[in-house]
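**Student:** Give me the fold of what follows.
(2 chains)
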Amino acid sequence: RKEVEQDPGPFNVPEGATVAFNCTYSNSASQSFFWYRQDCRKEPKLLMSVYSSGNEDGRFTAQLNRASQYISLLIRDSKLSDSATYLCVVGTNAGKSTFGDGTTLTVKP
Amino acid sequence: DAGVTQSPTHLIKTRGQQVTLRCSPKSGHDTVSWYQQALGQGPQFIFQYYEEEERQRGNFPDRFSGHQFPNYSSELNVNALLLGDSALYLCASSLGQGARFYGYTFGSGTRLTVV
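**Tutor:** This next block holds a predicted model:
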């Protein structure tokens, strides 16, 4: 079993749709949680951190459930420019961050 | 504000050869982590350097080694290259660890092809 698991998709949605991605992790000692976005053949870029209380950044909302070891990302009002691969990342205080294999999103006109 | 710079951007090597990849972290960052990303997969953690020492290591053989210099820049060395080492190698810089960790800034990567 992988340390961080994501539904690979692909998710194909129309513009304006709401889409949710899920991620589970196995290391209960994990302390840091992030979502990254990676465009084709580019480097990953930090999208947002994920906090236990949940956090929102514009159209993006991230949630963390420590008891279930589960992270989610919700994108509202999808734009064409949201098309990318979304990577779930879980880290420990020792400094190692583990990436999921990503979920691919395609937003269509 | 300079981001993370990696060199070279592309590299073709022959099986059995050795390669050195270089990374300069973002200004103000003191920690460098290296990741290997194969096509269709997420980045896999190779190791992390902080204060010129290897602090954490992933499941990579000893053929993979590294170094961090006093100016925080870092090198990744791979010996006895295998075809399976072909991948995008990403350098990620960050500031601090533990509670002070706020996520990585990645370089654009070095695409290594082993033939």
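**Student:** Which pLDDT does the model give residue A:95?
**Tutor:** Predicted confidence (pLDDT) at residue A:95: the value is 75.
**Student:** Relative to chain B, how far out is residue A:100?
**Tutor:** Relative to chain B, residue A:100 is positioned 5 Å away (C-beta to the nearest C-beta, to the nearest Å). C-beta here means a position set from N, CA and C on the backbone, and glycine is covered the same way.
**Student:** Can you name the residues that contact that residue?
**Tutor:** Residues near residue A:100 by C-beta atoms under 8 Å, 6 or more residues apart in numbering or on different chains: A:2, A:4-6, A:23, A:87-89, B:42.
**Student:** mind listing what the closest residue to residue B:60 other than its chain neighbours touches?
**Tutor:** Spatial nearest neighbour of residue B:60, excluding adjacent residues (C-beta to C-beta, 6 or more residues apart in numbering or on different chains): residue B:46 at 5.1 Å. Residues in contact with residue B:46 (C-beta under 8 Å, 6+ apart) are B:33-36, B:57-58, B:60, B:64, B:66, B:76.
**Student:** quick one: which of those has the most company?
**Tutor:** In terms of neighbour count, residue B:33 stands highest of those at 28 neighbours, by other C-beta atoms under 10 Å in any protein chain shown.
**Student:** Pretty sure that one sits in a strand.
**Tutor:** Yes - assessed with DSSP: H, G, I helix; E, B strand; the rest coil, residue B:33 lies in a strand.
**Student:** Show me what it is bridged to.
**Tutor:** As for beta bridges, residue B:33 partners with residue B:48, residue B:92 under DSSP bridges.
**Student:** Surely it and residue B:47 touch.
**Tutor:** Yes - here residue B:33 reaches residue B:47: they are 7.2 Å apart, a contact under C-beta atoms under 8 Å.
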